[in-house]
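Trainee: Attaching a predicted model along with its sequence, questions to come.
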Amino acid sequence: MSFSTQVVFAKMSLQLCISNIQHIFATVLAWIGVRGPQVRLTSTGKVNPVKALKKNISKPATTPSSVNYHFTRQCNYKCGFCFHTAKTSFVLPIEEAKKGLQLLKQSGLEKINFSGGEPFLQDRGDFLGKLVQYCKQDLHLPSVSIVSNGSLIREKWFQKYGQYLDILAISCDSFDEDTNQTIGRAQGRKSHLDNLFKVREWCRDYKVAFKINSVINTFNVNEDMRENISELNPVRWKVFQCLLIDGENAGENSLREAERFVISDQQFQDFLDRHSTISCLVPESNQKMRDSYLILDEYMRFLDCREGRKDPSKSILDVGVEEAIQFSGFDEKMFLKRGGKYVWSKADMRLEW
Ligand code: SF4
């Protein structure tokens, strides 16, 4: 082989080698998550891995500014459409839960909502109270709220923890006790409404903003709630359209069969029209609801509801917030569109308690 042939051969080998390295680099980047438009091509059509990596690092991650932490799935009610059912009895030790909340705060958490199951069930409300106190006193979160069915709350709880709580939302779907019984929104024959009105008074006495959540379904869709809602005078009345979630209240392995509760979009709209004079009403259709919440389950895993079921990420306690949140299915635009960011600290509210 002549000398010039040897040079040409060596050059070709070198080029082949470089292109292989570039290919391997691009594959690795794609594998670790630098995909699609983030993999930048040079003018020669080759991947510029340094730029690609820089771009990915500088891309702002989703901020968990508002998170719903369903720390328990246990509940004393049996609502037929429940979409967070008692599939496990697991509850994290409180120190682990606090650690997770601290991680969220470091990632930009401003509003935490504790939900369930029934959050007042664990340790007679003490587990919840301690978390509420920790979030306000230690983490200084602007907003700490709870969603509860209201049946297990005692005045003592308000005396101890009320000062740390911004908002308490009580679920109420009907002002007719028989309808509540039919829905399953009750424990035995106990009155759901008596509790609702009692808790409303305590919120006034202990200066906690009071909210109502209602799920509109086959059994309450024709009800007129204007008078009762006006009397209770909540800061917000959230009105949800009954939603099917595979594995929770629909499909195989679910603990509920909510199909008979489902209403059409038109029925939901008719309900909203009937209550259009209520200024604090905030409607949430199925579409708005599905992707616009950051939901953490009892293991502190984000739940992705985009496929109509709840697909869990890894726990933020194992992989950190930034990695777990990528699997949350959270639609930040929809969150803002549905008015997810509102005046959520009681310090900023002008309330006539
Ligand atoms: S109150 Fe009803 S909807 Fe809420 S967790 Fe209990 S059973 Fe489910």
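Mentor: Great, that's in hand. Numbering: from 1, shown residues only.
Trainee: and the end-to-end length of stretch 258-272?
Mentor: End-to-end distance for stretch 258-272, by C-alpha to C-alpha, to the nearest Å: 21 Å.
Trainee: Count the neighbours of the residue nearest to Cys82 when sequence neighbours are not counted for me.
Mentor: Excluding the flanking residues, the one nearest Cys82 by C-beta to C-beta, 6 or more residues apart in numbering is Arg256, at 5.5 Å. The C-beta positions use only the backbone N, C-alpha and C, and glycine is treated the same way. Counted by other C-beta atoms under 10 Å, the residues lying close to Arg256 total 19.
Trainee: ranges for the strands of the stretch 251-353 of the chain?
Mentor: 281-284, 295-296, 301-304, 311-315 (DSSP state E, counting those that start in this stretch).
Trainee: Show me which residues of the chain sit near the ligand.
Mentor: The chain comes close to the ligand at residues Cys75, Tyr77, Lys78, Cys79, Cys82, His84, Gly116, Gly117, Glu118, Asn149, Ser171, as judged by C-beta under 6 Å from any ligand atom.
Trainee: before we move on, what SS does the second one have?
Mentor: Pointing back at Tyr77 there. Recorded secondary structure, Tyr77: coil (DSSP: H, G, I helix; E, B strand; the rest coil).
Trainee: Hmm, Ser151 and it touching each other?
Mentor: Yes - Tyr77 lies in contact with Ser151 (C-beta atoms under 8 Å); the separation is 7.1 Å.
Trainee: residues contacting the one residue in the stretch 251-353 of the chain that gets nearest to the ligand?
Mentor: Scanning the stretch 251-353 of the chain for the residue nearest the ligand gives Arg256, at 8.5 Å (criterion: C-beta to the nearest ligand atom). By C-beta atoms under 8 Å, 6 or more residues apart in numbering, Arg256 lies in contact with Gly80, Phe81, Cys82, Phe83, Thr85, Glu248, Asn249, Ala250.
Trainee: Now for the residue lying closest to Gln241 once chain neighbours are set aside, how many residues are close by?
Mentor: For Gln241, ignoring the flanking residues on the chain, the nearest one in space by C-beta to C-beta, 6+ apart is Phe268 at 4.4 Å. Phe268 has 21 neighbours, counted by other C-beta under 10 Å.
Trainee: Of Tyr77 and Ser151, which one has the most company?
Mentor: Using other C-beta under 10 Å, the more surrounded residue of Tyr77 and Ser151 is Ser151, with 23 against 19.
Trainee: can you count the residues close to the closest residue to Glu155 other than its chain neighbours?
Mentor: Using C-beta to C-beta, 6+ apart and skipping the chain neighbours, the partner closest in space to Glu155 is Trp202 (5.9 Å). Neighbours of Trp202 under the rule other C-beta under 10 Å: 18.
Trainee: cool, and Gly116?
Mentor: 26.
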